Every structure is written in structure tokens, then in C-alpha cells.
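A.B. asks: Build me a model:
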Amino acid sequence: MKKSILLGIGASVLSGVAYAHPGHDLQAGFATGFLHPLTGWDHLLVMLSLGIWAARRQVQQGWQLPVLFVSVMAVSAALAMVWLPMSLAEVMVAASVLVMGGLLIAKVELSRWSQFSLVGLVAAAHGYVHGVELGQSWSSLTGMVLATATLHGLGWILGRQQQPWLKATTQLLGGMMMGLGAYWLIA
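C.D. replies: A predicted model of the protein is given here:
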């Protein structure tokens, strides 16, 4: 009996984290849109990891990945704001945290087409979810896009560093992201 009560309490406390990211009650405005990627763990981790991962690609194509992400995310968010209903995007966002964590750990080379496809899919999921949340607030979308680009830039700078401790920290970050993404997928 005690065990059932404790499990029930635990389930009710954790039930709110079933969403892959916070911010389902976003208010309108540029500042809110700008702060959301900085305060939502899914967005913050994926944006930084994408910047780090892109910086480790060949320079000719690495810079294209964050640009693609921001572009696809903005278009996807705009579509969601004016037309599309919510569906499996939350699952895709959780999976994106898992996948980007795996990419930080793995030393696997993907073809250029695979890189672009993966980044486009992750960007579409994030843009879609956030676009639904933003409603009709175009200033919030502008803030979110600017913050996303800033996080990609920070990740890029970190990814270009050659210190061994930073590379080890990146691997640890990737492992933590995989665990968090897996948790969000099963929660």
C-alpha cells in the first residue's frame, strides 16, 4: 500500500515533464521569444550541440548546417503559427536531444546529404513545436530565431577549440543529452 501511494505521488509530480521542453504557455513579445531558447533545456542543448557538431565538419559545409537549421526552424514555426495543428512534434524534439547527444559522442562521418537531412528534420520539429506555442506573435518568433542563431554561434566557437578537456566535456555533454532525450521519450 505504501509503495503504491509513493508511486502515485511520484507519477503525479513527474507527469508535467512529459513534454520535451518547457514554455507551453509562452507569452507574446520579442524578449519572451529570445529567452525561450535560453531557458528551455531541449532548445539550449540542441542549439549548442548543433553548433559544436557543425564546427567539427569541414569548414566548407559546417557553417551551412546552422544556417539551414535557423531557416528551416523559422519556416516551420511560421507554418505552425498560421496553419498546422500539434502532432508528434514533441516526440521529435525529445528524439533530437537524443540524436544530437549521440552525434557529440560518436566519431561517425555522415554524408553531406545525411547531415542536411538530419539538421532539417531536427529544425522542423523544433520550429513546429515553438510555432504552435507562439500563436500569432511574430516578434516572439524573431526573438527565438535570433537567440537560436546566437546559441549556434556559441556552439561553433566551442566546437573549434582544440583543448583536450573541452573535447572530453563535449563527450560528457553528449552522454547527458542522450540520457535526457531517452528519458523524455519514455516519460
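A.B. asks: can you give me the offset of stretch 95-114 from its chain's centre?
C.D. replies: 13 Å (Cα atoms, centre = their mean, to the nearest Å).
A.B. asks: Tell me the span between the first and last residue of it.
C.D. replies: 16 Å (Cα to Cα, to the nearest Å).
A.B. asks: What average pLDDT does it get?
C.D. replies: Mean per-residue pLDDT for stretch 95-114: 90.
A.B. asks: and H43, what does it touch?
C.D. replies: H21, H36, P37, H126, H130, T148, L151 (Cβ atoms under 8 Å, 6 or more residues apart in numbering). (Glycine included, C-beta is placed from N, CA and C.)
A.B. asks: quick one: it and L134, what's the gap?
C.D. replies: 13 Å (Cβ to Cβ, to the nearest Å).
A.B. asks: And M47, by the same measure?
C.D. replies: 17 Å.
A.B. asks: With L65 instead?
C.D. replies: L65 is 24 Å from L134, by Cβ to Cβ.
A.B. asks: What is the neighbour count of V70?
C.D. replies: 20 (other Cβ atoms under 10 Å).
A.B. asks: How about G175?
C.D. replies: Considering only other Cβ under 10 Å, G175 is surrounded by 14 other residues.
A.B. asks: And the average pLDDT for the host helix or strand of it is what?
C.D. replies: For G175, the element it lies in under DSSP states H and E is helix 164-186. On average, the pLDDT along helix 164-186 is 91.
A.B. asks: show me what contacts G120?
C.D. replies: G120 touches L68, F69, V72, counting by Cβ under 8 Å, 6+ apart.
A.B. asks: which one is the second one nearest to, not counting chain neighbours?
C.D. replies: Spelled out, that is F69. Nearest residue to F69, sequence neighbours excluded (Cβ to Cβ, 6 or more residues apart in numbering): A123, at 4.3 Å.
A.B. asks: Then the last one?
C.D. replies: Distances taken as Cβ to Cβ, 6+ apart put A123 closest to V72, at 3.8 Å, once the chain neighbours are dropped.
A.B. asks: Same check on Q61?
C.D. replies: R112 (5.7 Å).
A.B. asks: burial of that neighbour, as a residue count?
C.D. replies: 13.
A.B. asks: one step back: which one of the contacts of G120 is nearest V59?
C.D. replies: L68 (15.4 Å; Cβ to Cβ).
A.B. asks: any residues touching the helix or strand hosting the closest one, and which ones?
C.D. replies: Secondary structure from DSSP H and E places L68 in helix 64-82. Contacts to helix 64-82, defined as Cβ under 8 Å, 6+ apart, come from residues 50-51, 53-54, 57, 86, 115-116, 119-120, 122-132, 134-138, 141, 144-145, 148-149, 152-153, 155-156.
A.B. asks: How far off centre is it?
C.D. replies: Averaged C-alpha coordinates place helix 64-82 at 12 Å from its chain's average position (Cα atoms, centre = their mean).
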